[in-house]
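Chemist: Let's see this in three dimensions:
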Amino acid sequence: MNQPWRPLALCCTITVALASQIQVSANPRATFPGRLVGGGTRGECSARMLVHLVPRSSVFAPGDPSLLGLLEGPSSQPRPLVLRFRPQTGTAPATERLLLSGGAALVLVQGPGFPDATLWESSYRCDDGLTAGASGDPLQVVSTSSPPALSLLVQDTTPDDARFQLRLQQLRGRCGGMVSRAELISTFELGDLLGQDWPELLPVRCPS
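Modeler: Model (predicted):
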């Protein structure tokens with residue numbers, strides 16, 4: 001007597017499975033092709049490490065105020081840093097910010113506060129200062145010298161995001177001071193990234 005209900009049960013099962021797949025594919029935290037760490041493997045400038053202080057998914061809700069943090073690695077020939085923000089969808093123009101060159105440091109900056117999901121790219125200006133051509137590619141790099149660190153800034157805050165927001169706000173109170181490499185490793189779980197070539201103390205820079 002239950003035989004006529006089997007196709008309906010199978011249909012419901014397939015529908016639930018497809019809905020789950022769509023939800024996962026629509027979740028940027030699971031699918032965004034971010035790069036927590038920027039830099040390449042060749043050349044003093046291109047190989048210099050650059051780390052976005054965001055969760056490992058490279059998707060982050062900075063909250064209000066939109067405070068962002070990044071780490072610049074050691075370098076004997078530091079170059080300027082370009083931060084580029086662009087809405088993930090639509091045709092709104094990107095905004096760029098150029099930071100002066102400096103040694104290894106923790107850098108805290110104010111994000112653009114766009115109301116929608118925003119691509120955040122950071123890269124050293126290793127070339128002649130020209131940015132990549134306007135190809136319309138939302139993942140286009142800032143500089144042709146090395147791939148940028150790439151994150152997606154979103155609005156919905158997870159508990160992981162809230163922890164990062166709190167840590168960044170606490171560090172903002174130390175602008176102009178120093179923070180230890182050990183503290184950064186512990187706070188942001190960076191033990192596999194900050195090697196012995198990093199200084200034990202890093203300045204906290206908060207460019208206006």
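Chemist: can you tell me which residues contact residue 101?
Modeler: 78, 79, 80, 81 (Cβ atoms under 8 Å, 6 or more residues apart in numbering). No exception for glycine: its C-beta is placed from N, CA and C like everyone else's.
Chemist: Now it: closest residue in space, sequence neighbours ignored.
Modeler: Among residues not flanking residue 101 along the chain, residue 78 sits closest, at 4.1 Å (Cβ to Cβ, 6 or more residues apart in numbering).
Chemist: Count residues in the vicinity of the residue lying closest to residue 54 once chain neighbours are set aside, would you?
Modeler: The shortest distance from residue 54 to any non-neighbouring residue, by Cβ to Cβ, 6+ apart, is to residue 60 (3.8 Å). For residue 60, the tally of surrounding residues (other Cβ atoms under 10 Å) stands at 27.
Chemist: Quick check: bridge partners of residue 60?
Modeler: Beta-bridge pairing for residue 60 (DSSP bridges): residue 153.
Chemist: same deal with residue 178?
Modeler: residue 203.
Chemist: Tell me the confidence at residue 126?
Modeler: Residue 126 is assigned 83 on the pLDDT scale.
Chemist: wait, isn't it in contact with residue 75?
Modeler: No. Contact criterion Cβ atoms under 8 Å: residue 126 and residue 75 do not qualify, at 10.8 Å.
Chemist: Which pLDDT value belongs to the residue lying closest to residue 104 once chain neighbours are set aside?
Modeler: Take residue 104 and drop its neighbours on the chain: the residue closest to it by Cβ to Cβ, 6+ apart is residue 74, 4.5 Å away. With respect to pLDDT, residue 74 scores 93.
Chemist: check which helix or strand covers residue 74.
Modeler: According to DSSP states H and E, residue 74 maps onto no helix or strand at all.
Chemist: quick one: the residue nearest to residue 54 from residue 120, how far?
Modeler: 8 Å (Cβ to Cβ, to the nearest Å).
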